[in-house]
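Engineer: I'd like to go over a predicted model; first the sequence, then the structure.
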Amino acid sequence: MKFLIVDDDILSLEALDFLIKDYFNAIEKDVVIDKATDGKEALQKAKNENYTCIFMDVLMPQMDGFEATRKIRLL
């Protein structure tokens, strides 16, 4: 399973990273988590990878989560 976490708050990224690994490692050992700090970076990563799930903050610099989500859905 491959996840992308997108948030401009580093503490939120780390907390969600811990929660995802803690939960999914009990089910499946092969969990990979990528991180991005804004919507623009998330869009670039989504173009290059196939994620099981993307967790997206909505208020971020460069490109907010709403715009990034719209563009990722078009891929």
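Structural biologist: Ah, there it is.
Engineer: From here on, just use CA atoms for contacts and neighbour counts.
Structural biologist: Fine.
Engineer: Output the contacting helices and strands for the lowest-mean-pLDDT helix or strand in the chain.
Structural biologist: Within the chain, confidence by mean pLDDT, DSSP states H and E is lowest for helix 10-24 among all helices and strands, at a mean of 94. For helix 10-24, the contact count by 3 or more C-alpha pairs under 8 Å, 6 or more residues apart in numbering; DSSP states H and E identifies strand 2-6 as packing neighbours.
Engineer: what angle sits between the strand it packs on and helix 10-24?
Structural biologist: Taking axes from the mean of the first three to the mean of the last three C-alpha atoms, to 10 degrees, one finds that strand 2-6 is oriented at 160 degrees with respect to helix 10-24.
Engineer: roughly how far is strand 2-6 from the heart of the chain?
Structural biologist: 3 Å (C-alpha atoms, centre = their mean, to the nearest Å).
Engineer: Sheet partners, orientation included, of that strand?
Structural biologist: Its sheet considered, strand 2-6 pairs with strand 32-36 (parallel), strand 53-56 (parallel) by DSSP bridges.
Engineer: Reformat these into a markdown table and put mean neighbour count and distance to Val6 next to each item.
Structural biologist: Shown next, in a markdown table, are these (neighbours: other C-alpha atoms under 10 Å; distance: least, C-alpha to C-alpha, whole Å):
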| stretch | mean neighbour count | distance to Val6 |
| --- | --- | --- |
| strand 32-36 | 17 | 5 |
| strand 53-56 | 17 | 5 |
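Engineer: In CSV: those strands, plus mean pLDDT.
Structural biologist: Shown next, in CSV, are the strands paired with strand 2-6 (pLDDT from 0 to 100):
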stretch, mean pLDDT
strand 32-36, 96
strand 53-56, 97
